[in-house]
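K.L.:
coords below, sequence missing:
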């Protein structure tokens, strides 16, 4: 009696081959995706860090612009004129005089090294310093919220941005910062100069050094 040939099962080797192929594809995909995810994560972190730094530098730019406008307003502010023989005073001509320099706030740059500084509301301290003709009181400028930068107003001399110093007939509104606390300072400054006609002309742009430091 002749024995029937053993029947083959072609599906089993094919299924095993397909499983092996799928495993190889998975391993290859895994090998590609892990470094790719690392790159994407690094880019995301960089993007977030850049956005945060830009938000912080926006504070400096906006505040320097506001201080500049305050200087222009103070220069053109009307002053009272004394009447003849000591009579009553009345609104007169524009002062046409720059406010004298202000004390920097905060006084120590270390107070904004990698952190915010809360301006104090105590009378005669921080932005409540100066007189009717000098400092922050003359400018009628103040900040109440925490800041990332040290703010300056200098008139005639003492400029911190030497490259854009306006000379003895000018002023400088400036911010200095140390966002990452590495002692390398960023500087934002805008200047104004009184021209020969007695007009106060301010610079069109803010001068920036080491923007994100």
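P.N.:
Received the coordinates, thanks. Remember, it's a predicted structure, so these values are computed and weren't measured experimentally.
K.L.:
which stretches of this protein form strands?
P.N.:
With strands called from DSSP state E, the chain shows them at 78-81, 90-94, 149-155, 170-177, 186-194, 200-202, 207-209.
K.L.:
quickly run through the sheet partners of the fourth one, with directions.
P.N.:
In other words, strand 170-177. Sheet pairing for strand 170-177, assigned by DSSP bridges, gives strand 149-155 (antiparallel), strand 186-194 (antiparallel).
K.L.:
so which of those strands is the most packed in?
P.N.:
A comparison of those by mean neighbour count, using mean count of other Cβ atoms under 10 Å, puts strand 149-155 on top with a mean of 26. Just so you know, the C-beta spots here come from the backbone N, C-alpha and C atoms, and that holds for glycine as well.
K.L.:
which residues are contacting that one?
P.N.:
Contact with strand 149-155 is made by 59-60, 63-64, 67, 71, 98-102, 104-106, 109, 111-112, 117, 135-136, 139, 141, 143, 160, 170-177, 188, as judged by Cβ atoms under 8 Å, 6 or more residues apart in numbering.
K.L.:
among those, which are located in helices?
P.N.:
By the criterion of DSSP state H, membership of the contacts of strand 149-155 in helices covers 59-60, 63-64, 67, 71, 135-136, 139.
K.L.:
where does the protein have low pLDDT?
P.N.:
Low-confidence segments of the chain (pLDDT under 70): 1-23, 26-27, 29-53, 79-94.
K.L.:
switch to 80 and redo it
P.N.:
Across the chain, the ranges flagged by pLDDT under 80 are 1-54, 78-95.
K.L.:
including distance to residue 126, could the strands of the chain go into CSV?
P.N.:
Converted to CSV, the strands of the chain look like this (distance: least, Cβ to Cβ, whole Å):
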stretch, distance to residue 126
strand 78-81, 26
strand 90-94, 28
strand 149-155, 10
strand 170-177, 15
strand 186-194, 19
strand 200-202, 24
strand 207-209, 25
